[in-house]
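Student: Generate coordinates for the sequence data below:
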Amino acid sequence: MTSSDMAARVARSPMRRADGSPIRVLVVDDESTLTDLLSMALRYEGWEVKTAADGRQALAVAREFKPDAMVLDIMLPDIDGLQVLQRVRADGTDTPVLFLTAKDSLDDRITGLTAGGDDYVTKPFSLEELVARLRGLIRRSIVAVADDSDPVLTVGDLSLDEDSHEVFRAGQQIELTATEFELLRYLMRNPRRVLSKAQILDRVWSYDFGGKSSVVEIYISYLRRKIDAGREPMIHTVRGAGYMLKPAP
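Tutor: Alright, predicted model coming up:
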């Protein structure tokens, strides 16, 4: 990455926290050369960056630093990244997490997402790709300043407030992660319209998974458990075409 590339990145609209302060990112990896490189790239985004070399240090830094996003290696010398994430979530923190992994099997990716991670990149990766994915996660989280004040979306007895990120069905509040919220918002902005997995990947994750669309199936199943559990279903699978959200009959 050249200095001109980094300068161009800063020139584009910088993302900031709601109070105007820099976005905070915690990078966790036991390879110091990698954390140094990532720290440099993220600081050129105008973000505040701290690093940790193992899982226990990551937990201590996270509790003090209160990051807006984490870049978390799965393979760490003490406790692995999945355990770190579980403990972070147990603290009641919904910080978006981007996993780093040297593993490239579908099962490993699904394990990371099922554990509560929001995205992943497989080593080796490009800095441009990692930063783009991280920007996408932060953009979907409530810490970034919203560009517009959008109205409440309503489909049947389901409502979604794009400002407060509150979701209700039949008056009952439903807690969603940042990625689940963005997926539901996309479905609700397109009621009664069949959306393909490719469309959902492009809009919600902002990149192509190279045909590995199982991430969409995973998150659709998460939404169904929260939105449709014990109720008339609103999220429907259109075989061979994609997914559609419509009011319950």
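Student: So Gln83 belongs to a strand, correct?
Tutor: No: going by DSSP: H, G, I helix; E, B strand; the rest coil, the assignment for Gln83 is helix, not a strand.
Student: Burial check on it, number of neighbours?
Tutor: In terms of burial, Gln83 registers 15 neighbours under the definition other Cβ atoms under 10 Å. For glycine as for every other residue, the C-beta is placed from the backbone atoms N, C-alpha and C.
Student: thought it was touching Gly55?
Tutor: Yes: counting by Cβ atoms under 8 Å, Gly55 is a contact partner of Gln83 at 6.4 Å.
Student: Which helix or strand lies directly C-terminal to the lengthiest helix in the chain?
Tutor: Once the chain is assigned using DSSP state H, the helix that runs over the most residues is helix 127-140. The C-terminal neighbour of helix 127-140 among helices and strands, as given by DSSP states H and E, is strand 153-155.
Student: Pairing partners for that following strand, with directions?
Tutor: strand 158-160 (antiparallel) (DSSP bridges).
Student: Model confidence score at Ser13, please.
Tutor: Reported pLDDT at Ser13 in the predicted model: 53.
Student: His236 too?
Tutor: For His236, the model assigns a pLDDT of 95.
Student: list the buried ones in the helix or strand containing it?
Tutor: Following DSSP H and E, one finds His236 within strand 235-238. The neighbour-count check on strand 235-238 (16 or more other Cβ atoms under 10 Å) flags Ile235 as buried.
Student: Check stretch 121-128 too.
Tutor: Of the residues in stretch 121-128, those buried under the neighbour-count criterion (16+ other Cβ under 10 Å) are 121, 127.
Student: pLDDT on that stretch, on average?
Tutor: Over the span of stretch 121-128, the pLDDT mean works out to 84.
Student: Quick one: low-confidence residue ranges for this protein.
Tutor: Within the chain, the ranges that satisfy pLDDT under 70 run 1-14, 18-19, 103-116, 142-151, 206-212.
Student: What segments of this protein are helices?
Tutor: Taking DSSP H as the criterion, the chain contains helices spanning 3-11, 32-43, 55-65, 81-90, 106-114, 127-140, 178-188, 197-200, 214-223.
Student: Which residue is the nearest non-sequential neighbour of Leu187?
Tutor: Nearest non-adjacent residue to Leu187, counting by Cβ to Cβ, 6 or more residues apart in numbering: Leu245, 4.0 Å away.
Student: now swap in Lys246 and tell me
Tutor: Arg192 (4.8 Å).
Student: residues contacting the nearest residue to Ala198 once chain neighbours are set aside?
Tutor: Once flanking residues are discounted, Ala198 sits nearest to Ser213: 7.3 Å by Cβ to Cβ, 6+ apart. Residues touching Ser213, when contacts are defined by Cβ atoms under 8 Å, 6 or more residues apart in numbering, comprise 197-198, 201.
Student: is it possible to export those to JSON lines including distance to Asp163 and neighbour count?
Tutor: As requested, those are arranged in JSON lines below (distance: Cβ to Cβ, whole Å; neighbours: other Cβ atoms under 10 Å):
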{"residue": "Lys197", "distance to Asp163": "29", "neighbour count": "19"}
{"residue": "Ala198", "distance to Asp163": "29", "neighbour count": "14"}
{"residue": "Leu201", "distance to Asp163": "26", "neighbour count": "19"}
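Student: Okay then, goodbye and thanks.
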